[in-house]
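sequence unknown, structure follows:
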């Protein structure tokens, strides 16, 4: 374990898996070879595997410098494991829901402290999907060199193993369910916590815009004092090539149109942490992660309500998914809000 000293998140995840024992279904989806070490890429799951129940997936650590997303998920998963020992309501929930976690998608990036994976590829610019029109270079993805940020990988090359692992888990553990959500935790953009949904590749609205708007409205009605979240299409901020969730959303919609898969990116607003503590700019990790202990603890507990809500919304999706005329009204409201 000495080689994990630079990544307490990898150590924390191993400790959580050991503590959970049989309460978690733990699987090494693939192994990542880096600097002479072989790191497991873990997928952890709870709940009912029947495709008749809904499912939700939580993903983090796509970028090795954005550690707070993985820390939030590991803390939340630890909460669930502890509650499994005494909370009958959680056991009841898990009979009607499947939970899937990949807390650290990019363990090699965590070990090295890099945004990209060990091959220098930015996994969120790596999917085989091209943006409509021009994108900001190099932010939208570039193929010039792995030594520059946002490198997509060489044209036509095989998918990186981390991306393959995400695709495998989504296809096998989320998409068989008639209704599923995904939440991918990142950090480093903006002064607010943002919930982005597809598309990143185009300014056009996604076909399930009405459903995204209905979920936004449901959360705001249920938790009116959680206005620190801004939910909107990612394209309102910037467009990119190669977004993993754009690819998976379109694939699911085309191959299984009778089912609904909605992926979201939780982008934690690290600019607010830097504004309150400018000394963070002197630490490479301070650009993406809260460094002061009290602020770090606040972030770890801040999103529990959102995660619990999304699970309850999954289980109860038939009660809020818009149909008929109601769906038309939600789509019109969404178009006016985001695309007018």
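Alright, I've got the coordinates. These numbers come from a predicted model, not from an experiment.

what about the helices in the stretch 151-300 of the chain?
Assigned by DSSP state H, counting those that start in this stretch, the stretch 151-300 of the chain shows helices spanning 161-169, 209-222, 244-255, 270-276, 293-302.

tell me what angle the third one forms with helix 161-169.
Just to be clear, that refers to helix 244-255. Interaxial angle, helix 244-255 versus helix 161-169 (axes from the mean of the first three to the mean of the last three CA atoms, to 10 degrees): 30 degrees.

so for residue 118, which of the helices of the stretch 151-300 of the chain sits nearest?
helix 161-169 (9.3 Å; CB to CB). C-beta: built from backbone N, CA, C; applies to glycine.

so what secondary structure elements neighbour the closest one?
On a contact count with 3 or more CB pairs under 8 Å, 6 or more residues apart in numbering; DSSP states H and E, helix 161-169 meets strand 25-34, strand 37-47, strand 98-102, helix 244-255.

whatever helix or strand comes next after the second one pairs with which strands?
Once strand 37-47 ends, the next helix or strand along the chain (criterion: DSSP states H and E) is strand 55-60. Looking at strand 55-60 with DSSP bridges, its paired strands and their directions are strand 98-102 (parallel), strand 179-187 (parallel).

after strand 55-60 comes which helix or strand?
helix 67-83.

quick check: angle from that next one to strand 55-60?
130 degrees.

hmm, who's touching the helix or strand of the chain with the lowest mean pLDDT?
One helix or strand of the chain scores below all others by mean pLDDT, DSSP states H and E: helix 270-276, with a mean of 90. With contact meaning CB atoms under 8 Å, 6 or more residues apart in numbering, helix 270-276 is reached by 68, 187-192, 280-281, 286-291, 295.

inside strands: which ones of these?
Counted as lying in strands by DSSP state E, out of the contacts of helix 270-276, are residue 187.

so which of the contacts of helix 270-276 is surrounded by the most neighbours?
For those, neighbours were counted using other CB atoms under 10 Å, and residue 187 has the most, 27 neighbours in all.

quick one: contacts for it?
Residue 187 sits in contact with 66, 68, 69, 267, 268, 269, 270, 288, 289, where contact means CB under 8 Å, 6+ apart.

I appreciate the help and will end here.
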